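Visitor: Could you look at this predicted model? Sequence included:
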Amino acid sequence: MDAIGTLTKYFPFIKEDTVSILKSIMKDVDSYIDFVACGFFCAIFVIAYC
């Protein structure tokens, strides 16, 4: 999946470890829908902001 601004615009505000996880997930999915459907989207942002 190509990086999209919906996610990448928040990278400066997210922990580097979390950004790495997001980037690895984006490499493994075909589309934004797949990214959201994998269930990591919410969990990663909850971890990032705890």
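Guide: It's in.
Visitor: ok, the closest residue to F11 other than its chain neighbours to F35 distance?
Guide: Leaving out its chain neighbours, the residue that sits closest to F11 by C-beta to C-beta, 6 or more residues apart in numbering is V19, at 5.1 Å. Any C-beta I mention is one placed from the backbone N, CA and C, and that applies to glycine too. When C-beta to C-beta, to the nearest Å is applied, the distance between V19 and F35 equals 14 Å.
Visitor: Report the contact partners of L7.
Guide: L22, M26 (C-beta atoms under 8 Å, 6 or more residues apart in numbering).
Visitor: Give me the local confidence score for it.
Guide: At L7, the predicted lDDT confidence score is 78.
Visitor: Tell me how far it lies from A37.
Guide: 15 Å.
Visitor: Also S24?
Guide: 16 Å.
Visitor: can you check I21 too?
Guide: I21 is 16 Å from A37, by C-beta to C-beta.
Visitor: More neighbours: which of these two?
Guide: A direct count of neighbours by other C-beta atoms under 10 Å for I21 and A37 places I21 higher, at 17 against 11.
Visitor: Mind naming the longest helix for the protein?
Guide: Ranked by residue count, the top helix of the chain under DSSP state H comes out as helix 16-28.
Visitor: and that helix, what other elements does it pack with?
Guide: Under the contact definition 3 or more C-beta pairs under 8 Å, 6 or more residues apart in numbering; DSSP states H and E, helix 16-28 sits against helix 40-48.
Visitor: Mean confidence (pLDDT) on the helix it packs on, please.
Guide: Rounded mean pLDDT across helix 40-48 is 65.
Visitor: With stretch 19-35 instead?
Guide: For stretch 19-35, the per-residue pLDDT averages 81.
Visitor: Please spell out which residues along that stretch are buried.
Guide: For stretch 19-35, the neighbour count (16 or more other C-beta atoms under 10 Å) marks V19, I21, L22, I25, M26, F35 as buried.
Visitor: so can I have a markdown table of the residues you listed showing distance to P12?
Guide: Formatted as a markdown table, those follow (distance: C-beta to C-beta, whole Å):
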| residue | distance to P12 |
| --- | --- |
| V19 | 9 |
| I21 | 16 |
| L22 | 13 |
| I25 | 19 |
| M26 | 17 |
| F35 | 20 |
